[in-house]
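> dropping the sequence and predicted coords here.
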Amino acid sequence: MATIKPFKAVRPTRDKVSLVAARSYQSYTQEEREARLDYNPFSFLHIVNPGYKYHKEEVSGKERYSLVRNRYLEFKEDGIFVQDETPCFYIYRVVNREQRVFTGIVAAASTEDYKNNVIKRHEDTIEYREQIFKEYLKTVGFNAEPVLLTYPDSATIETILASYTDTRAEFEFTTTYRDTHYLWLVNDPADIKVIQDEFDRMGEIYIADGHHRSASSFLLGEDSKLENPAHTGKESYNSFMSYLIPESQLHISEFNRLIKDLNGLSKEQFLLKLDQVYRIENRGFELYRPSKKHHFSMYLDGEFYSLYLRKTHYEFTDSLSELDTHILYITILKPILGITDLRNDDRIDYGYDKHNVIEMKNRIDSGEFAVGFGLVPVNVDEMKRIADEGLTMPPKSTYIEPKLRSGVAIYEF
């Protein structure tokens with residue numbers, strides 16, 4: 001049984017939402033950040049980069065957290081942010097520049113469901129990052145970036161959402177990325193109950209993106225329970241903000257791999273080692289992409305290659321062993337190229353999106369990297385099987401959309 005709850009979101013006023021909404025801080029170049037901070041006083045970036053007000057870019061730790069809290073309160077005091085008076089679900093729709101449509105529900109998901117594996121995960125988290133973000137949440141008192149969860153398609157939920165999305169949205173704005181964002185409020189108690197009952201019938205839902213955010217929210221809830229002698233289980237810290245979309249709408253792209261050197265091997269030695277595990281075909285200058293599972297593309301020394309796994313030399317034992325990112329790691333990256341730590345080794349880098357084959361080629365041609373590998377995207381069923389078996393994917397196995405803007409709906413603890 002999956003439990004989701006409506007909540008009283010803190011939101012920008014209708015006239016300010018397009019100015020407030022921001023991408024994740026790390027996605028901006030320094031020049032982009034500075035332009036927005038210099039010329040847009042309403043940008044959410046002013047909250048997450050609070051030192052900019054004092055021309056002090058490098059503020060960190062608890063000092064930064066306190067300043068984030070102060071900037072947030074200033075936005076509320078100035079009437080840029082206003083809190084809804086009644087708990088709502090929020091229907092959030094993104095139509096991206098490729099006209100792909102994502103429609104889901106912003107709601108409060110249960111930390112107990114996370115603890116009890118009703119909310120299932122497929123990635124490992126790093127403990128120190130969990131602790132850092134937990135302390136951040138505890139100090140600032142809000143979360144502005146929901147965890148992306150996915151659930152089995154439901155005709156009942158779809159019908160309710162459609163009854164709202166056929167009306168004028170509370171928010172509608174288009175970004176410079178040419179994505180259009182919409183928000184509707186679901187505050188009818190009958191509709192809220194139908195949605196909750198439908199999730200209550202689901203045995204499990206899955207984290208698509210936001211493993212560290214959900215883990216940190218769970219840790220915050222556990223700490224808060226211990227610190228609150230009057231704990232009832234209804235407090236806001238028992239939940240975390242999530243964006244729930246049906247599985248059919250989840251869009252997963254691959255992360256390609258780029259390696260800086262051949263681990264001391266010549267091109268010929270490297271190809272000979274690959275030949276033991278893969279059937280190799282030289283594709284020349286063709287911008288080759290793999291078309292099915294267990295096939296890879298490779299760009300090396302100005303030419304593309306197709307790599308076909310020799311299944312007589314590889315054993316499938318569980319869902320992880322069938323995952324292409326794991327196969328690449330087990331057969332090439334670790335034994336041949338000496339990459340053991342996929343998170344921290346500075347010899348490996350990652351790229352995604354439909355233009356990444358060209359980007360990979362350019363970065364190798366420039367001499368920045370020696371070899372690159374292209375993969376077929378992981379699908380939703382693979383992701384679910386990994387989670388169901390209690391396994392974890394290698395880092396950068398999936399780039400998942402949609403990506404929401406920060407500051408459109410905020411959950412307070």
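Thanks, I have it.

> next, the residue nearest the centre of the chain: phi, psi?
Closest residue to the average C-alpha location of the chain: Asp209 at 3.5 Å, with C-alpha atoms, centre = their mean. Torsion angles at Asp209 (phi, psi; degrees, to the nearest 10) stand at phi -150, psi 140.

> doesn't Leu148 make contact with it?
Yes: contact criterion C-beta atoms under 8 Å: Asp209 and Leu148 qualify, at 4.0 Å. C-beta here means a position set from N, CA and C on the backbone, and glycine is covered the same way.

> shared neighbours, the two?
Shared contacts of Asp209 and Leu148, defined by C-beta atoms under 8 Å, 6 or more residues apart in numbering, are found at Ile400.

> what about the helices in the stretch 51-200 of the chain?
Residue ranges of the helices in the stretch 51-200 of the chain, as given by DSSP state H, counting those that start in this stretch, are 61-77, 111-115, 127-140, 155-165, 189-200.

> residue contacts, Tyr65?
By C-beta under 8 Å, 6+ apart, the neighbours of Tyr65 are 135-136, 139-140.

> quick check, pLDDT for it.
Per-residue confidence (pLDDT) for Tyr65: 95.

> now it: closest residue in space that isn't a chain neighbour?
Nearest residue to Tyr65, sequence neighbours excluded (C-beta to C-beta, 6 or more residues apart in numbering): Thr139, at 3.7 Å.

> number of residues surrounding the one you found?
Residues lying near Thr139 (other C-beta atoms under 10 Å) number 15.

> could you do the one 3 residues further on as well?
Burial of Phe142 is recorded as 19 neighbouring residues (other C-beta under 10 Å).

> so who does the nearest residue to it once chain neighbours are set aside touch?
Nearest residue to Phe142 in three dimensions, chain neighbours excluded: Glu412, at 4.8 Å (C-beta to C-beta, 6+ apart). Residues in contact with Glu412 (C-beta under 8 Å, 6+ apart) are 8, 10, 83, 141-142, 236.

> biggest separation within the residues you listed, which pair?
Spanning the widest gap among these are Lys8 and Gly141, at 13.9 Å by C-beta to C-beta.

> ok, of the contacts of Tyr65, which come out buried?
135-136, 140 (16 or more other C-beta atoms under 10 Å).

> where does the nearest residue to Leu300 once chain neighbours are set aside fall, phi/psi-wise?
Among residues not flanking Leu300 along the chain, Val371 sits closest, at 4.8 Å (C-beta to C-beta, 6+ apart). Dihedral pair for Val371: phi -150, psi 150, per degrees, to the nearest 10.

> wait, which of the contacts of Glu412 is closest to Tyr92?
For these, the nearest to Tyr92 is Val10 (15.0 Å; C-beta to C-beta).

> for that closest one, what are its contacts?
76, 81-84, 142, 409-412.

> does Thr125 touch His211 like I think?
Yes: between Thr125 and His211 there is a contact under C-beta under 8 Å: 5.2 Å.

> what's the closest residue to Val95 other than its chain neighbours in contact with, if anything?
Spatial nearest neighbour of Val95, chain neighbours left out: Thr180 (4.7 Å); criterion: C-beta to C-beta, 6+ apart. By C-beta under 8 Å, 6+ apart, Thr180 lies in contact with 94-95, 172-174.

> how far away is Thr180 from Leu258?
Noted for Thr180: a distance of 33 Å to Leu258, by C-beta to C-beta, to the nearest Å.

> give me the distance between the two termini of stretch 232-250.
In stretch 232-250, first residue to last residue: 35 Å (C-alpha to C-alpha, to the nearest Å).

> and Asp261, that one's in a strand?
No: according to DSSP: H, G, I helix; E, B strand; the rest coil, Asp261 belongs to no strand; its state is coil.

> tell me how many other residues crowd the residue nearest to it when sequence neighbours are not counted.
Using C-beta to C-beta, 6+ apart and skipping the chain neighbours, the partner closest in space to Asp261 is Ala370 (5.0 Å). By other C-beta under 10 Å, 20 other residues sit near Ala370.

> out of the contacts of Glu412, who's nearest Leu307?
Phe142 (47.0 Å).

> dump the residue contacts of Val277.
309-310, 313-314, 331-332.

> if we go to 10 Å?
By C-beta atoms under 10 Å, 6 or more residues apart in numbering, the residues touching Val277 are 307-314, 327, 330-332, 335-336.

> just Thr3 next, same as before
By C-beta under 10 Å, 6+ apart, the contact set of Thr3 is 107-113, 118-119, 196, 199-200, 238-239.

> what do you get if the cut-off is 7 Å, keeping everything else the same?
Neighbour list for Thr3: 110, 113 [criterion: C-beta atoms under 7 Å, 6 or more residues apart in numbering].

> how far away is it from Glu412?
Following C-beta to C-beta, the distance that separates Thr3 from Glu412 is 19 Å.

> can you check Tyr305 too?
Applying C-beta to C-beta, the value for Tyr305 to Glu412 is 53 Å.

> just the buried ones from the contacts of Val10, in PyMOL syntax?
Remark: buried members of these, expressed as a PyMOL selection using 16+ other C-beta under 10 Å:
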select buried, resi 81+84+142+409+410+411+412
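
> can you give me the strands for the stretch 151-300 of the chain?
Assigned by DSSP state E, counting those that start in this stretch, the strands in the stretch 151-300 of the chain fall at 171-174, 180-186, 205-209, 239-246, 251-253, 255-259, 278-284, 295-300.

> ok, Glu145 - contacts?
By C-beta under 7 Å, 6+ apart, the neighbours of Glu145 are 24, 213, 406.

> still on that earlier bit, for ChimeraX, write a command that selects the buried ones of the contacts of Val277.
Here is the ChimeraX command that selects only those of the contacts of Val277 that count as buried (16+ other C-beta under 10 Å):
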select :307,309,327,330,331,332,336
